[in-house]
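Peer 1: based on what follows, work out the 3D shape:
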Amino acid sequence: RAKTLAGCLIEKEEQSGADQLFAEEAEALSDAAEEELSAVEEVEMEKKEKFRERFAAMCDGGTASYLDMLLSAESLSDFIDRVVIVPEMTEYDRNILNSVSRVKEEIVTAKQEQESLKAKQEEDKRQLSETMEELYQKSAEAAAYYKEISQNKEIYQQYLEEKEAAEQATKARAGIVAGE
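Peer 2: This next block holds a predicted model:
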């Protein structure tokens with residue numbers, strides 16, 4: 001039984017060490033995910049700011065729409081320039097909006113992954129705690145068993161000494177009886 005408890009203790013200690021390493025790695029990954037999420041949120045803010053600047057420029061310039069921009073041309077060459085620029089501006093605005101949407105989706109995904117990682121990390125911590133508790137319990141059982149074995153050894157040693165003394169006394173009496 002002592003060997004099985006000792007083997008179990010060694011196995012639990014090894015598992016506990018591995019669980020501890022896993023928990024540390026998970027925490028490092030969580031920190032990295034938070035940094036990545038912060039970077040993505042910063043990119044989103046930059047893209048939103050570009051879009052706001054572009055929108056403000058359109059409004060401040062007095063043109064609320066692309067059509068108004070075309071119709072406000074002061075000459076034929078200005079009109080042609082604006083006809084060329086409007087599709088580029090439209091594409092630029094569309095790209096910014098799409099980019100903002102993609103970044104928002106990335107943020108949502110990153111937050112979900114981070115929440116999942118944190119939940120996994122909490123579960124790992126709980127399992128590690130349970131493993132450590134079980135290890136402490138097994139250690140206490142092993143210590144109690146060792147103490148019991150030590151006490152039994154002392155009792156057995158005393159029994160052997162008493163038995164040997166009784167045998168010696170019996171032999172001594174037998175020698176006295178035989179010598180009479």
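
Peer 1: tell me where this structure has strands.
Peer 2: Along the chain, counting by DSSP state E, no stretch forms strands.

Peer 1: where in it is pLDDT low?
Peer 2: 1-30, 51-52, 54-64, 176-180 (pLDDT under 70).

Peer 1: next one: whichever helix in it runs longest to chain centre, how far?
Peer 2: In terms of residue count, the longest helix belonging to the chain (DSSP state H) is helix 76-179. Put simply, helix 76-179 sits 11 Å off its chain's centre (CA atoms, centre = their mean, to the nearest Å).

Peer 1: roughly how far does residue 140 sit from residue 76?
Peer 2: Distance of residue 140 to residue 76, given as CB to CB, to the nearest Å: 95 Å. Every residue, glycine included, has its C-beta placed from N, CA and C.

Peer 1: neighbours of residue 103, just the number please.
Peer 2: Around residue 103 sit 19 other residues, with neighbours defined as other CB atoms under 10 Å.

Peer 1: next one: residue 47
Peer 2: Other residues close to residue 47 by other CB under 10 Å number 20.

Peer 1: residue 37 too?
Peer 2: Count around residue 37 with other CB under 10 Å applied: 17.

Peer 1: who's in contact with residue 48?
Peer 2: residue 100 (CB atoms under 8 Å, 6 or more residues apart in numbering).

Peer 1: dump the C-alpha coordinates for stretch 131-149 into PDB.
Peer 2: Provided in PDB are the C-alpha atoms of stretch 131-149 (Å, rounded to 0.1, in the frame of the first residue of the first chain):
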ATOM      1  CA  THR A 131      -5.300  18.200  -8.000                       C
ATOM      2  CA  MET A 132      -3.300  20.000  -5.300                       C
ATOM      3  CA  GLU A 133      -6.000  19.300  -2.700                       C
ATOM      4  CA  GLU A 134      -6.000  15.600  -3.700                       C
ATOM      5  CA  LEU A 135      -2.200  15.600  -3.600                       C
ATOM      6  CA  TYR A 136      -2.200  17.100  -0.100                       C
ATOM      7  CA  GLN A 137      -4.800  14.600   1.000                       C
ATOM      8  CA  LYS A 138      -2.800  11.700  -0.400                       C
ATOM      9  CA  SER A 139       0.300  13.100   1.300                       C
ATOM     10  CA  ALA A 140      -1.500  13.200   4.600                       C
ATOM     11  CA  GLU A 141      -2.700   9.600   4.100                       C
ATOM     12  CA  ALA A 142       0.800   8.500   3.300                       C
ATOM     13  CA  ALA A 143       2.200  10.200   6.400                       C
ATOM     14  CA  ALA A 144      -0.500   8.600   8.500                       C
ATOM     15  CA  TYR A 145       0.200   5.200   7.000                       C
ATOM     16  CA  TYR A 146       4.000   5.700   7.500                       C
ATOM     17  CA  LYS A 147       3.400   6.600  11.100                       C
ATOM     18  CA  GLU A 148       1.200   3.500  11.600                       C
ATOM     19  CA  ILE A 149       3.900   1.300  10.000                       C
END
